[in-house]
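Enquirer: the following comprises the amino acid sequence and a computationally predicted model.
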Amino acid sequence: MKKIFILPALFFGSLLHLAAQENTKKAEELKEVTITKSKKAIEQRADRTIFDFANQPSLNSGSVLEGLKKLPGLIASDIAGMMYQGKQLEVFMDGRPLNISSNELNGFLEGMPANAIEKIEIITQPGAEFPATSGGAILNIVTNKNAKNFLSATYTNSTNVTSYDHLRWRVNNSVLLNAKNKYFGWQLNMGQNYRESAMWSSFLKEVSGSQTPISNTDSDRTGRTNFVKSAVTFDLKKDRLLLNYDLNYNNNGSTTLSNGPGFSTNDNSDSKGWRQDAVATYQKRFDDKTKKLDFRFNFNRNQNDFVLNSFGNSTAVLDNSSDQKFYNFKFDYSQPIAFSDEGKISFGSLHEALYFETQNRGVTNLDYERKTTAGYFELQTKFKSMSFILGGRAEDYSISGKTNTTTLTPFNQFRFFPNASAQYNFNKAVFFNLNYNKKITLPSTSALNPNNTSYQNPNLTNEGNPNLEPTIFDNYEVKLSAYDYAFIGYSVSSAKNQVIQRVRLNSNILINTFENVAEIKVHNFNIGMPIPYMLFTKGLAETMKMNVNPDEMNFLFVYAAYQLHQIPAIETKGFWVYNLMSQIVLPSKIKFVTNFSYITAKGNYYYFIANKPFNNTVDLSLSKKFLNDQLSISINADDIFNTNRFVFNSYNTPLLLSNKMDTRRFGFSINYKIPTKNKLARETPILLNKDKKEETGIIGN
């Protein structure tokens with residue numbers, strides 16, 4: 001174990017020495033070394049980490065949620081939501097907020113096949129151009145593909161089976177069609193996902209060393225999802241017009257056996273949801289290609305219905321629905337500045353409105369609306385080896401609403417959110433970064449929803465809280481990154497009025513809800529580094545001399561993080577997060593990847609204390625490409641030891657919460673690119689978000 005901690009110091013010391021040597025070389029030589037057209041499994045940038053999904057069979061064999069859980073540093077759970085390196089994540093898709101969270105978000109990501117994803121961007125330091133409501137960090141799911149100057153088609157399939165108590169199947173199919181000529185281009189991605197799963201949960205009350213069951217549930221679930229993503233782009237001389245329309249439909253059901261003191265039930269639930277997203281973007285371009293002016297209008301609608309019936313009961317136990325409408329209009333402008341070769345100024349504005357209505361048995365019990373008007377300005381500049389970003393964003397909020405019994409306390413505030421970043425570049429591959437930003441998170445509508453939209457029995461209920469207040473974040477981070485794969489960093493996120501999930505016990509009735517906590521600080525120290533296996537045969541000095549692509553070599557990627565959640569008046573303990581990813585290229589270019597994840601017990605996860613290690617899993621995958629890389633086949637085995645489970649104590653209650661899902665699964669996936677006659681056709685930029693802002697660290701808001 002000591003050797004593992006000694007290696008990072010030696011490794012980063014060697015990188016800094018190598019950086020000093022490279023700085024003495026000619027600029028042309030340095031440029032030749034650092035620029036490459038090959039895709040990287042992991043790419044570190046100043047403000048984000050990018051994970052390639054499309055070419056990583058170990059990540060794209062199941063659902064998006066299953067792939068996300070394998071990313072080092074990311075924790076996804078029903079208990080505390082989704083976090084990356086200690087920061088709460090706001091989830092975007094193709095540069096636009098999903099505007100869903102909690103159980104609805106997990107259900108949405110579980111229903112989307114991972115092989116429909118191009119890459120995942122985790123933006124740990126969102127600047128002023130991003131909405132201040134992005135909170136701690138942004139997870140951007142990029143589904144875009146490349147269009148070519150001819151009709152092309154790609155078919156993907158993933159088939160898996162779980163085997164905890166009996167076989168359950170998970171199958172998804174999708175097809176991608178696209179084409180482009182000199183006038184316009186189009187793209188159509190459509191598919192389906194069918195999944196069977198099981199979950200076993202128990203809630204125990206511990207008193208004087210004895211345990212009394214409060215609620216035990218055994219659920220068999222079936223999920224069906226269909227999706228269509230479409231795009232058309234028109235070239236208007238220098239300008240471009242982009243039109244996008246996405247549609248997701250899910251139809252999920254479950255059968256649940258539950259029992260506890262004084263009851264035993266057999267329940268059936270049915271959940272249906274429609275999600276529509278339409279975007280129109282006009283991109284004005286100038287003779288100076290570094291100038292950009294974009295206008296975007298976005299409309300999003302998310303409708304859900306949930307019904308729970310109990311066997312032998314003619315009246316539905318739950319009959320709830322919700323309807324959310326979201327409008328967003330914004331513009332962004334950027335141009336270079338004269339006193340800096342790589343500097344630029346950016347500014348923009350947006351106006352958005354959200355309307356959310358919930359019903360219980362046809363009676364409206366929450367009518368909520370939120371309007372935001374914002375403007376931002378940001379300056380980026382570079383002097384020799386130093387880069388600076390300084391920006392600010394002003395946002396004005398108007399939030400109001402009412403339930404069927406009372407009027408919510410209105411929230412009308414104007415706030416300013418500064419951000420600053422300083423970076424020292426040892427060379428183009430090694431840099432040291434300091435960041436600060438102030439952000440806000442508005443309560444998600446799923447947390448506000450007073451209705452139960454998951455499950456309940458006589459001793460268990462889930463409900464939202466319409467009176468939640470926004471959370472204000474101060475985020476600080478320091479990080480040293482090297483050659484995309486290696487990094488070491490420390491961050492602290494200080495939150496006021498943090499929204500957290502709480503489980504309370506009233507007699508024998510469990511209430512799962514949300515509430516604001518006055519102040520929480522999350523400290524996170526993390527380190528990640530690749531260890532080439534040749535290090536043990538050739539030594540560190542010889543290994544550092546070799547110019548190799550980590551995606552084509554045998555190596556072990558080591559990630560470790562220590563996270564501490566500080567809550568006033570509570571003595572909390574931290575926990576360690578470990579992730580090991582081994583890649584071995586076997587004969588015939590067969591890639592063998594092993595992932596190991598582990599989070600230690602006894603640490604505080606907000607108001608929950610891990611009774612046993614969680615996210616404890618070992619995953620295997622074998623993959624190979626055939627027919628000149630047109631056909632890719634992989635086989636996978638996830639959670640092979642069936643050790644992934646959650647067991648938590650709820651702070652200041654005698655409750656022990658246990659949850660186990662059928663996470664052990666075996667399967668295969670295929671990706672077939674239908675061959676075309678024109679082998680020399682030129683690739684063009686992506687259609688669905690064709691603004692190239694990613695090159696400057698911007699994805700749109």
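Expert: Yep, it's here.
Enquirer: which residue lies nearest the spatial centre of the protein?
Expert: Leu139 (4.0 Å; CA atoms, centre = their mean).
Enquirer: residues contacting the helix or strand harbouring that one, please?
Expert: Counting by DSSP states H and E, the element that carries Leu139 is strand 137-142. With contacts defined as CB atoms under 8 Å, 6 or more residues apart in numbering, strand 137-142 is touched by 64, 68, 82, 84-85, 87-95, 117-126, 130, 475, 689, 699. In this view, the C-beta of every residue, glycine as well, is placed from N, C-alpha and C.
Enquirer: quick check on the residues you listed: which are buried?
Expert: Those of the contacts of strand 137-142 that meet the buried threshold are 64, 68, 82, 84-85, 87-95, 117-126, 130, 475, 689, 699, by 16 or more other CB atoms under 10 Å.
Enquirer: and the strands in the stretch 1-150 of the chain?
Expert: 42-44, 48-52, 74-77, 81-84, 87-93, 96-97, 119-123, 137-142, 147-148 (DSSP state E, counting those that start in this stretch).
Enquirer: same list (those strands) but as a markdown table, adding mean pLDDT and distance to Arg361.
Expert: What follows is these, written out as a markdown table (pLDDT from 0 to 100; distance: least, CB to CB, whole Å):
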| stretch | mean pLDDT | distance to Arg361 |
| --- | --- | --- |
| strand 42-44 | 76 | 49 |
| strand 48-52 | 85 | 43 |
| strand 74-77 | 77 | 31 |
| strand 81-84 | 78 | 29 |
| strand 87-93 | 83 | 31 |
| strand 96-97 | 80 | 30 |
| strand 119-123 | 89 | 40 |
| strand 137-142 | 88 | 35 |
| strand 147-148 | 50 | 48 |
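Enquirer: Ile674: which of these is closest?
Expert: strand 147-148 (11.9 Å; CB to CB).
Enquirer: after that closest one, next one along is what?
Expert: Toward the C-terminus from strand 147-148 - assigned by DSSP H and E - lies strand 152-162.
Enquirer: shaky segments in the stretch 1-150 of the chain?
Expert: Residue ranges of the stretch 1-150 of the chain with pLDDT under 70: 1-39, 46, 77-81, 101-103, 144-150.
Enquirer: now the helices for it?
Expert: Per DSSP state H, counting those that start in this stretch, the stretch 1-150 of the chain carries helices over the ranges 2-22, 27-34, 57-60, 64-68, 102-110.
Enquirer: Thr403 contacts Asn360, doesn't it?
Expert: No - the pair Thr403 / Asn360 is not scored as a contact, 10.4 Å apart, by CB atoms under 8 Å.
Enquirer: which neighbours do the two share?
Expert: Pro450.
Enquirer: tell me how many other residues surround the closest residue in space to Leu408 that isn't next to it in sequence.
Expert: Spatial nearest neighbour of Leu408, chain neighbours left out: Gly401 (4.3 Å); criterion: CB to CB, 6 or more residues apart in numbering. Using other CB atoms under 10 Å, Gly401 has 20 other residues around it.
Enquirer: show me what contacts Gly401?
Expert: Contacts of Gly401 (CB under 8 Å, 6+ apart): Phe356, Leu366, Asp367, Tyr368, Glu369, Thr407, Leu408, Pro466.
Enquirer: again, only this time at 10 Å
Expert: 355-357, 366-370, 407-411, 448, 466-467 (CB atoms under 10 Å, 6 or more residues apart in numbering).
Enquirer: out of these, which end up buried?
Expert: Tyr355, Phe356, Glu357, Leu366, Asp367, Tyr368, Arg370, Leu408, Leu448, Pro466, Asn467.
Enquirer: next secondary structure after the longest strand seen in the chain?
Expert: Criterion DSSP state E: the longest strand present in the chain is strand 210-236. Sequence order places strand 239-260 as the next helix or strand after strand 210-236, per DSSP H and E.
Enquirer: list the buried residues in that next one.
Expert: Applying 16+ other CB under 10 Å to strand 239-260 flags 240, 242, 244, 246, 248-250, 252, 254, 256, 258-260 as buried.
Enquirer: again, but for stretch 212-222
Expert: Applying 16+ other CB under 10 Å to stretch 212-222 flags Ile214, Ser215, Asn216, Thr217, Ser219, Asp220, Arg221 as buried.
Enquirer: hey, what's the fourth one bridged with?
Expert: In this structure, Thr217 has the following beta-bridge partners (DSSP bridges): Ser201, Ser258.
Enquirer: wouldn't it be in contact with Thr265 here?
Expert: Yes - under the criterion of CB atoms under 10 Å, Thr217 makes contact with Thr265 at 9.3 Å.
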